[in-house]
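**Q** Provide a 3D model corresponding to the input given below.
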Amino acid sequence: MDDRVTVSFPNMGLDFDISREAFKVFGISIYWYGIIIALAFFICVLWAMRDSRKFDLVPETIIDLMLFAAPIAIICARLYFVIFSWDNYKYDLKQIFNTRNGGLAILGGIIGAVITAYFVARYKKIPTFKLFDFAIPYVALGQAIGRWGNFFNQEAFGTNTNLPWGMTSPTVRAYLQNLQNGGMNINPDLPVHPTFLYESLWDIAVFIFLLQMRKKKKFNGEIFCLYFITYGIGRAVIEGLRTDSLMLGSLRVSQLLSIIFVIVFSIIVIYKRIKIKNSFDDVEIGQSGYASILKIMDEEETAQGTENNGQNAEAGSGVSGDDVQSSEDEVHEKEDSTQKARDDVGGADGSSQETQEDRADTEDKEETKESKETEDTEDK
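**A** Numbering: from 1, shown residues only. Next comes the predicted model:
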């Protein structure tokens, strides 16, 4: 059956003739939706394998992770979708297993993938958040690619818009007509927001951002948290434009979860950053050369004041030159001590920087040690 439709961007003068079906194999239809999802997994695995050794991981770990995470993520994505659109399946349960028409909720897939990654990390005796921080950017990349499956399925679009990139198609118009018949204030004849495109572009930006931050992270788990913050912000905004949101009563489920993610993980990042900063300040000021130099500078100011008073006293009351010379010698000694302390601080700065850069590595080693001790205890 030919399901070819024309997707138009009327304000840009663009038309695309597309079909959900890519080709047939022994009479079985292969859909673009499935091809694009598979392509997203494939690209992410290859990219992650290429980068793995830079983060003290081996490519085999990435393969093992994807072998387990991919099917579980798809199952969880489907379950999430079915649960929040149960009315569409309760009278025809076999449709639950039919994903050829779409129906995968990305947030459900992410939850499934995170749970799987946790157990893989435990089994491989890898610090959990080290693996999370490494893998989570590729989740954003996979989402960016996978959203184009929505384009071929003609789903995940938004409300009416007059923006130049507004889109329309026979499938979109039919869907909007049903919404209008149900009482929604929407015009089937006007273009709509291509929200699948918005999220794809946003996910690419998140992916690039996380790759950059992965080199600068302050603690294990920070990149994992930043993913949920950045993705959550974009998803919360974009979800508000959609006309096909999964609902829980009057609430958009994905929008609500995204807002919760942003709040919770922002609190975690802020708390951890403040804790690290306070700890670093204590080391830098309380135990390094900075404490010494501050003390010497205070003494230097006191000595300078003494010298000035001595000069005034000498001029006014005839104090001996030997006494004045003694005060000057003390000042010079203080200056020499100050310079020495400053030199010491230079070394302390280098040590402080090395401490900050090695913090994550130290956490990795501690987590690995704890993991091994836990495994030994469990074996006993």
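**Q** show me the contacts for residue 147.
**A** For residue 147, the contacting residues are 156, 196-197, 199-200, 203, by CB atoms under 8 Å, 6 or more residues apart in numbering. (Glycine included, C-beta is placed from N, CA and C.)
**Q** what's the most distant pair in those residues?
**A** Of all pairs drawn from the contacts of residue 147, the one with the longest distance (CB to CB) is 156 and 203, at 12.8 Å.
**Q** nearest spatial neighbour of residue 35, chain-adjacent residues omitted?
**A** Beyond its immediate neighbours in the sequence, the residue positioned closest to residue 35 (CB to CB, 6 or more residues apart in numbering) is residue 22, lying 5.6 Å away.
**Q** thinking again about what came up before, could you identify the buried members of the contacts of residue 147?
**A** Neighbour-count burial (16 or more other CB atoms under 10 Å) applied to those gives 156, 196-197, 199-200, 203.
**Q** please name whichever of those scores lowest on pLDDT.
**A** Checking pLDDT across these, the minimum falls on residue 156 at 89.
**Q** what about the nearest residue to that residue once chain neighbours are set aside, which helix or strand?
**A** Nearest in space to residue 156, with sequence neighbours left out and distances taken as CB to CB, 6+ apart, is residue 150 at 3.9 Å. Using DSSP states H and E, the secondary-structure element containing residue 150 is helix 148-153.
**Q** quick one: contacts of that helix?
**A** 7, 18-20, 31-34, 36-37, 101-102, 156, 194, 196-197, 200.
**Q** before we move on, what SS does the residue nearest to residue 35 have?
**A** Residue 22 falls in the strand class when you classify it by DSSP: H, G, I helix; E, B strand; the rest coil.
**Q** what's the answer for residue 91, then?
**A** Reducing the assignment to helix, strand or coil with three-state DSSP, the entry for residue 91 is coil.
**Q** count the neighbours of it for me.
**A** Residues within reach of residue 91, counting by other CB atoms under 10 Å, total 7.
**Q** do the same with residue 30
**A** Using other CB under 10 Å, residue 30 has 13 neighbouring residues.
**Q** when you give positions from now on, start the count at 9
**A** I'll keep to 9 as the first residue from here, and by that count the last item is residue 38.
**Q** host element of it?
**A** Secondary-structure element containing residue 38, defined by DSSP H and E: strand 36-39.
**Q** in CSV, list the C-alpha atoms belonging to that strand.
**A** Output in CSV follows, covering the C-alpha atoms of strand 36-39 (Å, rounded to 0.1, in the frame of the first residue of the first chain):
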residue,chain,number,x,y,z
ILE,A,36,7.5,-7.3,4.9
SER,A,37,7.5,-3.5,5.1
ILE,A,38,10.5,-1.9,6.6
TYR,A,39,9.7,1.6,7.9
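**Q** partner strands of it and their direction?
**A** In the sheet containing strand 36-39, the strands it pairs with under DSSP bridges are strand 29-33 (antiparallel).
**Q** what lies in contact with the partner strand?
**A** For strand 29-33, contacts defined as CB under 8 Å, 6+ apart pick out 11, 37-40, 43.
**Q** let's see that with 10 Å instead.
**A** When contacts are defined by CB atoms under 10 Å, 6 or more residues apart in numbering, strand 29-33 is touched by residues 9-12, 37-44, 108, 160.
**Q** for those residues, which one is nearest residue 151?
**A** residue 44 (11.5 Å).
**Q** how much space between the closest residue to the closest one other than its chain neighbours and residue 204?
**A** Distances taken as CB to CB, 6+ apart place residue 157 nearest to residue 44, at 4.1 Å, with adjacent residues excluded. Applying CB to CB, to the nearest Å, the value for residue 157 to residue 204 is 9 Å.
**Q** now for those two: what residues contact both?
**A** Common contact partners of residue 157 and residue 204 (CB under 10 Å, 6+ apart): 163-164.
**Q** great, nothing more from me.
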